[in-house]
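A.B. asks: curious how this folds, go ahead:
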Amino acid sequence: MSASAEPAGPGGSGGGTDVEEKADNGGLLGWIERVGNKVPHPALIFLGLIVLVIIVSHILHMTGASVTTQVAVPDDVTIQPDYEQGSMYPGQSPHDMDPIPDYHVETETIPAQSLLTGDGIRFIFTTAVQNFNDFGVVAVILVAMIGVGVAEEAGLIAALIRKMVQVAPRGAITFIIVLLGGISSVASDAGYLVLVPLGAAAFVSLGRHPIVGVAAAYAGVSASFFVNILITPADGIITEVTNETLGSVAPDIDLNVTHNLFFSIASTFFTAIVMTILTEKYIEPRMGKWDPADRDPEAPVDHVPNADEMKLESKGLRLSVIYVLVAVAIVSLLTFLPGAPLRNPDTGEIFGSSPFMSSLLFIISIFFLAAGLGYGKGAGTLQGSTAVINGIVKTFNGLGGLIFLMLLIAQFIAYFNYSNISRLVATGLADWLGDLGIGALPLLLGFIVLTFLIDFIMPGVIPKWAIMAPIFVPLFYNLGIAPQTAIAAYRVGDGPANVITPLMVYLPFIILVCQRYKRESGMGTVVAVMLPYTITVFVTWVIFFVVWYLIAIPLGPGAPVHL
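C.D. replies: Prediction:
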């Protein structure tokens, strides 16, 4: 993966005649790409959004806008503006190492807060540094890139791709990338930062369009984010919130984290198959053949190794496996032994709320670092510690533009949440749908659509559920709909919009990867490529959910669809 090319803006160099000619016959998506690539630099977009939030917050404050609702909140936690929860915040805070807290329901009046009052202005001036400091995405990127940078500098990633191409049938590459993306959501950062560029490089090695590889990997990681074949920390939080909201109507019901396990596993494979078919039957034919002349001239040129280099490559791969096995053994000793430090110190669990789950990204970075060091030593591509440090520094040097953009995004999200605009919109829509009084299945479908729409402005899995659960879980229960079914519907609505919402914090990184292979790429390119995934995954997944609901397949062990 290369991060040497800073994003020149959504349109790169602003787009040109060649780009427009290529998109002339692209129909609606071609038009979206042309228009999208003419929008300003992402930094300017977020500066504009910051100004807009400030103005709108004051207008709403002057009109006395507010909503009163029930919200699930952790015990002994004061409700206050939370800068991190307005985006898909992927990092793990130190508090995640504690046991999952108990929740209780509070009736709360949520007023619009102006950023132009004395308190608002003080907030803007006094929190600028803290907003960025609290924006864990930046630290996540830097930590993850340590291991990835060394692995890339050593040549490990290219070697792995070549081996993967050798052993996997051509038709299986797309499915493998998409499925790995879905599984990687247990540690979402690794999926975005590692798999997306790897997907592009894998497609190039097969003579396929690298932007298609980016799209397949990005869709796999993000479009079905809240399903997995594994139980994730988010499952635990969602379960606790749901159990608390059930207290007033069904105190005898107590969900556990496996309540959606069957549905989650099936959805992971189903959406992977759908995205694979879409990629190969529509996205790739539309993109056409990739012209290597389109790539950024500063991007590294792929090298085809000769026979001697292949021998060194094989030696490096063997040694990298040994290094990784040593790292795995060390982590295993720190995790699986009774009383191991990476277990939850209170409960002893490993895969729920535990230091192991909170440190997954760091562990993955260690594995990449070990693999890179092993490969570099075996293949002779890393000569001494200086070369290792240079690989990390080289990677960090290419992230300057991205980090500046993160600074602006951190301020925007902080202001957006301080103003309560997202909560006003989300709660108002939820109240409206809850008052319609329609049948069970139509209400579930409406709930899915509502979740899908709210995801554009509030991509975080937890904050949406904390607002919506107190309204919909009791409502669904009174209609005979099991709470685990409500959660399954929520999973369907939560993911598909992630790949096109401008509030996705990894969107600038996706653009940066695209610009490596098509220097004119911008936000319009990404949206145009990803929009079919959003539409197709959403529609097919809704159908999948309806069929599952009508057949009444258990959603998990002891978790029927109906009460």
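A.B. asks: could you pull out the helices for the stretch 401-550 of the chain?
C.D. replies: 421-434, 440-454, 461-478, 483-494, 507-517, 523-551 (DSSP state H, counting those that start in this stretch).
A.B. asks: mind checking these for the one nearest to V196?
C.D. replies: Proximity to V196 (CB to CB) singles out helix 507-517 among the helices of the stretch 401-550 of the chain, at 5.7 Å. C-beta coordinates here come from the backbone N, C-alpha and C atoms, glycine included.
A.B. asks: just want the angle from that closest one to helix 523-551.
C.D. replies: On the basis of axes from the mean of the first three to the mean of the last three CA atoms, to 10 degrees, helix 507-517 is oriented at 120 degrees to helix 523-551.
A.B. asks: turn the helices of the stretch 401-550 of the chain into CSV, including mean neighbour count, mean pLDDT and distance to F123.
C.D. replies: Converted to CSV, the helices of the stretch 401-550 of the chain look like this (neighbours: other CB atoms under 10 Å; pLDDT from 0 to 100; distance: least, CB to CB, whole Å):
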stretch, mean neighbour count, mean pLDDT, distance to F123
helix 421-434, 19, 67, 14
helix 440-454, 19, 90, 24
helix 461-478, 22, 77, 19
helix 483-494, 26, 94, 29
helix 507-517, 26, 86, 25
helix 523-551, 20, 93, 29
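A.B. asks: ok, which of those comes nearest A370?
C.D. replies: Nearest of those (CB to CB): helix 507-517, 24.0 Å.
A.B. asks: now that closest one: how far from the chain's centre is it?
C.D. replies: Taking CA atoms, centre = their mean, to the nearest Å, one finds the center of helix 507-517 at 15 Å from the center of the full chain.
A.B. asks: what helices or strands is that helix leaning on?
C.D. replies: helix 42-62, helix 196-205, helix 210-222, helix 400-419, helix 523-551 (3 or more CB pairs under 8 Å, 6 or more residues apart in numbering; DSSP states H and E).
A.B. asks: which stretch among the helices of the stretch 401-550 of the chain comes nearest V143?
C.D. replies: helix 507-517 (14.5 Å).
A.B. asks: and the angle from that closest one to helix 42-62?
C.D. replies: Using the same axes, to 10 degrees: helix 507-517 against helix 42-62 is 160 degrees.
A.B. asks: phi, psi for G155 please.
C.D. replies: Main-chain torsions, G155, degrees, to the nearest 10: phi 90, psi 10.
A.B. asks: and if you look at E108?
C.D. replies: Torsion angles, degrees, to the nearest 10, at E108: phi -130, psi 130.
A.B. asks: what's across from it in the sheet?
C.D. replies: Taking DSSP bridges as the rule, E108 bridges to T69.
A.B. asks: that one - how many residues pack around it?
C.D. replies: 16 (other CB atoms under 10 Å).
A.B. asks: you'd agree it is up against T68?
C.D. replies: Yes: under the criterion of CB atoms under 8 Å, E108 makes contact with T68 at 7.2 Å.
A.B. asks: of all the helices of the stretch 401-550 of the chain, which one is nearest M275?
C.D. replies: Nearest to M275, of the helices of the stretch 401-550 of the chain and by CB to CB, is helix 523-551 at 6.2 Å.
A.B. asks: where does I110 fall, helix, sheet strand or coil?
C.D. replies: Under DSSP: H, G, I helix; E, B strand; the rest coil, I110 falls in the strand class.
A.B. asks: check the one 3 residues further on too.
C.D. replies: Classification of Q113 using three-state DSSP returns coil.
A.B. asks: can you report how many residues lie near it?
C.D. replies: Neighbours of Q113 using other CB under 10 Å come to 21.
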